[in-house]
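Student: predicted model, plus sequence, below.
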Amino acid sequence: MIGFLVALAVVIAALVLWSGYVSRGVERWVPMDGRQVEVPGARIHYVETGPADAPAIVMIHGILSQLRVFTYALAGRLATDRRVIVMDRPGWGYSTLTGPRLDIPGQADAVAAAIRALGLEKPLLVGHSMGGAVSLALALRHPGAVRGLGLIAPYTQPIDEPPAPLAGLRVPGPLRPLIAWTIAVPLAMRTGKAKTAAVFAPDPVPEDFAIRAGGALAIRPASFQMGCYEIEMGPAAMKVQAPRYGEIAVPVSILYGREDALLDPELHGRKTAADVPNGQVEIIEGGHMLPVTHVDATEAWLRGL
């Protein structure tokens, strides 16, 4: 028994060291791009481009993602005549937490605080996937902070089961740190390509997605733990939030890919647009990752808002 326990401890120590080594390597490949702004509960990492005196657009990403999903192609196009600020949500990318992990309302408060700290006057808030849920929460909790919402493939309604590619994040809280620092990184390296392809389906995954769009950061232990937290926290938060959509005063526009394999465009798109007083939805060809795979259509839609 002692020999077994010693061997187990050696294996765990080796996995922890390996996970740390891989995490540092990923951060060298995908370094911090911008600056951080201090807000209650977090330091928000952001990148700003475009004319400082132009109308502002703030963009927040989805689960297992970070701000490069927008700077991959979309943000640069918009920045020709707009002030574009892309942010890592609290706990993702290089936005660090200074307190407990933030739920959807807490993240909305942090983003609203960052908007105030950066001196932005009623920007258009663009949220992709889980960033859409945070955007809707912000419109409910801080109705004067933004002039409207542009939601791309947003998570907007409570669902009983997580999407299949994210089912592996359903891990009990006490086990998350151990799994994050032992088997999560090797498993992500082994299965990451297949799961990323499932998220993008039916669109292909760009060959440079891992680095140029920051996808590689998702394999870090911190990302695994934040993903587990959001998968657990999301349904309860949405059961409280979704019935209140009729209170949102700003215009809400939703863009969905007809073939989205992660979230249902009818439930999260058409239903939510109907629930919001000033809501509208546009359905186009494509999957879940429209800011990366359908840049022309996404830019045209945003410019039409």
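Tutor: Received the coordinates, thanks.

Student: can you map out the strands along this protein?
Tutor: Assignment of strands within the chain using DSSP state E yields the ranges 35-39, 42-49, 56-60, 83-87, 96-97, 124-128, 148-152, 252-257, 279-284.

Student: among those, which comes closest to Leu5?
Tutor: With C-beta to C-beta, the closest approach to Leu5 among the strands of the chain belongs to strand 96-97: 33.7 Å. All C-beta spots, glycine's among them, are computed from the backbone N, C-alpha and C.

Student: coming back round to it: need the winner for burial among the strands of the chain.
Tutor: Using mean count of other C-beta atoms under 10 Å, the stretch among these with the largest mean neighbour count is strand 124-128, at a mean of 29.

Student: next one: the residue lying closest to Ile179 once chain neighbours are set aside from Ala42, what distance?
Tutor: Setting aside the residues directly before and after it, Ile179 is nearest to Val171 in space (C-beta to C-beta, 6 or more residues apart in numbering), at 5.9 Å. Counting by C-beta to C-beta, to the nearest Å, the separation of Val171 from Ala42 is 23 Å.

Student: equivalent analysis for Lys271, please.
Tutor: 31 Å.

Student: with Phe224 instead?
Tutor: Phe224 sits 19 Å away from Ala42, taking C-beta to C-beta as the criterion.

Student: what's the weakest-modelled helix or strand in the protein?
Tutor: Of the helices and strands making up the chain, the lowest-confidence element is helix 2-29, at a mean of 87, by mean pLDDT, DSSP states H and E.

Student: buried residues in that helix?
Tutor: Buried residues in helix 2-29, defined by neighbour count with 16 or more other C-beta atoms under 10 Å: 15-16, 19, 22-23, 26.

Student: packing partners of that helix?
Tutor: helix 184-200, helix 221-241 (3 or more C-beta pairs under 8 Å, 6 or more residues apart in numbering; DSSP states H and E).

Student: looking at the ones you listed, which is nearest to Leu166?
Tutor: Sorting those by C-beta to C-beta, the top spot, which is the nearest, belongs to helix 221-241 at 6.0 Å.

Student: contact partners of that closest one?
Tutor: Contacts of helix 221-241 from elsewhere in the structure, counted by C-beta atoms under 8 Å, 6 or more residues apart in numbering, are 19, 23, 63-64, 91-92, 101, 103-105, 130, 133, 136-137, 140, 155-160, 162, 166, 169-171, 173, 176-177, 179-181, 184-185, 188, 217-218.

Student: now, of those residues, which are buried?
Tutor: So, of the contacts of helix 221-241, 19, 23, 63-64, 91-92, 101, 103-105, 130, 133, 136-137, 140, 155-158, 162, 166, 169, 171, 176, 179-181, 184-185, 188, 217-218 end up buried under the neighbour-count rule (16+ other C-beta under 10 Å).

Student: before we move on, the earlier item: show me the contacts of helix 221-241 that map onto helices.
Tutor: With helices defined by DSSP state H, the entries of the contacts of helix 221-241 inside them are 19, 23, 104-105, 130, 133, 136-137, 140, 176-177, 179-180, 184-185, 188.

Student: out of everything not next to it in sequence, what's closest to the residue nearest the centre of the chain?
Tutor: Nearest to the mean C-alpha position of the chain, by C-alpha atoms, centre = their mean, lies Gly62 at 1.8 Å. In space, not counting the residues next to it along the chain, Gly62 is nearest to Ser129; the distance is 2.6 Å by C-beta to C-beta, 6+ apart.

Student: looks like that neighbour contacts Thr156 (just checking).
Tutor: No: contact between Ser129 and Thr156 fails when scored by C-beta atoms under 8 Å: they sit 10.1 Å apart.

Student: got any residues that touch both of those two?
Tutor: Jointly contacting Ser129 and Thr156 under the rule C-beta under 8 Å, 6+ apart is no residue at all.

Student: TSV for the strands of the chain, including distance to Ala201 and mean pLDDT?
Tutor: Conversion of these to TSV gives the following (distance: least, C-beta to C-beta, whole Å; pLDDT from 0 to 100):
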stretch	distance to Ala201	mean pLDDT
strand 35-39	34	98
strand 42-49	28	98
strand 56-60	23	98
strand 83-87	25	98
strand 96-97	32	97
strand 124-128	16	98
strand 148-152	17	98
strand 252-257	10	98
strand 279-284	16	98
